[in-house]
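Novice: Next input, structure requested:
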Amino acid sequence: MFKEQDSSRMTEDYAPTTTPEGVPGGAFLPTTDLYEVFADVSGADREVWDRARAIAAYPGALDRINQAWEAAEYPLEIVARLAEAGLLTTGVDIPGYQQMSPLAAGLVHMELARYDGSVATVVAVQPGLAMRSIAMLGSEEQKQAWLPRLASGELLGAFGLTEPDHGSDAVALETTARRDGDEWVINGAKRWIGNGSVGHLTVVWARTENGGVSGFLVEQHRPGYVAETITGKVSMRAIPQAHITLTDVRVPLSAQLPGARSFRDIAGILRATRIEIAWASFGHAIACYEAAVHQATTRIQFGRPLAANQQIQQRLGDMLGDLVAMALYCRRLAELEAASGVSEAQASLAKVQNTRRARRIAADARDMLGGNGILLENDVVRHMADIEALHTYEGTDSIQSLIIGRSITGLNAFGVRPGGKS
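Specialist: Numbers count the residues shown, from 1 in each chain. Down below sits the predicted model:
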């Protein structure tokens, strides 16, 4: 484990002296951070950023993730490296581990997504959702029992909110938890749950008999917990997502998160993950932009570099404009989070705008690479596919826009729920 007291190991174990050619883990290209939004990152924040970069600069890292993505394999050795580098603690304060600032945590999500979306999703799921649920809403006993083992990578955690019939409308969840003596009995189904079929612990969100919503720590070996890895994905292929069926799953009363009583408690967790998605979208976009720059400046067409064409230069300029906007969103989010906190509308605006811009950049980069753009080895099409998942999960583009619209107008346009309540 990369604990706080072990920080002297960072340079030797995690900061490579060179970056292999083609691995998106080294310094930015000169124009990538044109406004020098991150030029002043130093000290502890810089050390964390370097550790995240080193994941991609590990020898053979790019070949390995392409292989895992193509075969839909979970590269658990990379997950182990994340734990060793102390990166399974972003956004969660755990005794004995270095506490990351909002800027450092954002840089981790950016840098890991710049390498690969599935790897970044490991951090979004493990500390971002599962561990954050326990840290924010769990008892002291639950925190002590689970957080250190999840932070070390000894255990893999999952977050079970989305259901087969309730994605954006998660507030209408149908999974139930019924009190039976000194146990809770849980019934229902969950879908698109990262680590849900290959992990150890799932935070299952269910509606209780009084109509409230609560979270339950469900060990995946419990009788009645059946999880099937979803196949046929063309996005985030190197991390398994599960369809989970819960049939009379019994957990002790102590498995309930005492701080989770309504959907509002979940909203605080989702707001934080939307910030992380804004950073991750930025990382994907950097990878695509830098691949496009490399192609444009090295590819010879009709006797001159592709970059000598006016149309190509204009497209690169447009891509960079989007990239700078994404960088400014991310840096400002980190400042707000460190100072007074980020509102729901602020998180949603950054999420929706950065995913839209990432999609545009990826599409332009793939087009500029021509036929080579669909090859994994050229580091664009994998990012392009993974951005589609970011565009959808933790609230679709439309849902984020409605949250923003509600903050502008004061009116709820989400529709009418059963019973006539909006």
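
Novice: which element is residue 188 on?
Specialist: Per DSSP states H and E: residue 188 is located in strand 183-194.

Novice: Show me what that strand is packed against.
Specialist: Using 3 or more Cβ pairs under 8 Å, 6 or more residues apart in numbering; DSSP states H and E as the contact criterion, the elements in contact with strand 183-194 are helix 117-125, strand 157-160, strand 176-180, strand 201-208, strand 213-219, strand 241-252. To be clear about C-beta, it is placed using only N, CA and C from the backbone, and glycine gets the same treatment.

Novice: Which among those is found nearest to residue 347?
Specialist: Nearest to residue 347, of all these, is helix 117-125, at 13.9 Å by Cβ to Cβ.

Novice: Check which element follows the closest one along the chain.
Specialist: Using DSSP H and E, the next helix or strand after helix 117-125 towards the C-terminus is helix 132-137.

Novice: Can I get that following helix in PDB, CA atoms only?
Specialist: Output of helix 132-137 as PDB, limited to C-alpha atoms (Å, rounded to 0.1, in the frame of the first residue of the first chain):
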ATOM      1  CA  ARG A 132     -17.600   7.200  -0.500                       C
ATOM      2  CA  SER A 133     -21.000   5.700   0.500                       C
ATOM      3  CA  ILE A 134     -19.400   4.100   3.600                       C
ATOM      4  CA  ALA A 135     -17.300   7.200   4.400                       C
ATOM      5  CA  MET A 136     -20.300   9.600   4.100                       C
ATOM      6  CA  LEU A 137     -23.100   7.500   5.400                       C
END
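
Novice: Show me what that helix is packed up against.
Specialist: Short answer (3+ Cβ pairs under 8 Å, 6+ apart): helix 132-137 packs on helix 140-151, strand 213-219, helix 263-298.

Novice: Can you tell me which of those is nearest to residue 115?
Specialist: Ranking the helices and strands packed on helix 132-137 by distance to residue 115, with Cβ to Cβ as the measure, places helix 263-298 first at 7.7 Å.

Novice: That closest one vs strand 213-219, what angle?
Specialist: Taking axes from the mean of the first three to the mean of the last three Cα atoms, to 10 degrees, one finds that helix 263-298 is oriented at 70 degrees with respect to strand 213-219.

Novice: The next helix or strand after helix 263-298 pairs with which strands, parallel or anti?
Specialist: Along the chain past helix 263-298, the next helix or strand (assigned with DSSP H and E) turns out to be strand 300-301. Here the strand partners of strand 300-301, with direction, are listed using DSSP bridges: strand 304-305 (antiparallel).

Novice: and residue 80, what helix or strand is that in?
Specialist: Take DSSP H and E as the rule and residue 80 turns out to sit in helix 76-84.

Novice: Equivalent analysis for residue 50, please.
Specialist: Applying DSSP H and E as the criterion places residue 50 in helix 43-57.

Novice: residues of that helix that come out buried?
Specialist: By neighbour count with 16 or more other Cβ atoms under 10 Å, helix 43-57 contains the buried residues 44-45, 47-57.

Novice: Can you tell me which one of the residues you listed sits lowest on pLDDT?
Specialist: Summarising pLDDT for those: the lowest-scoring member is residue 57, with 88.

Novice: any idea how far that residue is from residue 104?
Specialist: Residue 57 sits 18 Å away from residue 104, taking Cβ to Cβ, to the nearest Å as the criterion.

Novice: re the thing from before, would a markdown table of the helices and strands packed on strand 183-194 with mean pLDDT be doable?
Specialist: What follows is the helices and strands packed on strand 183-194, written out as a markdown table (pLDDT from 0 to 100):
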| stretch | mean pLDDT |
| --- | --- |
| helix 117-125 | 96 |
| strand 157-160 | 96 |
| strand 176-180 | 97 |
| strand 201-208 | 96 |
| strand 213-219 | 96 |
| strand 241-252 | 98 |
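
Novice: Sounds good, over and out.
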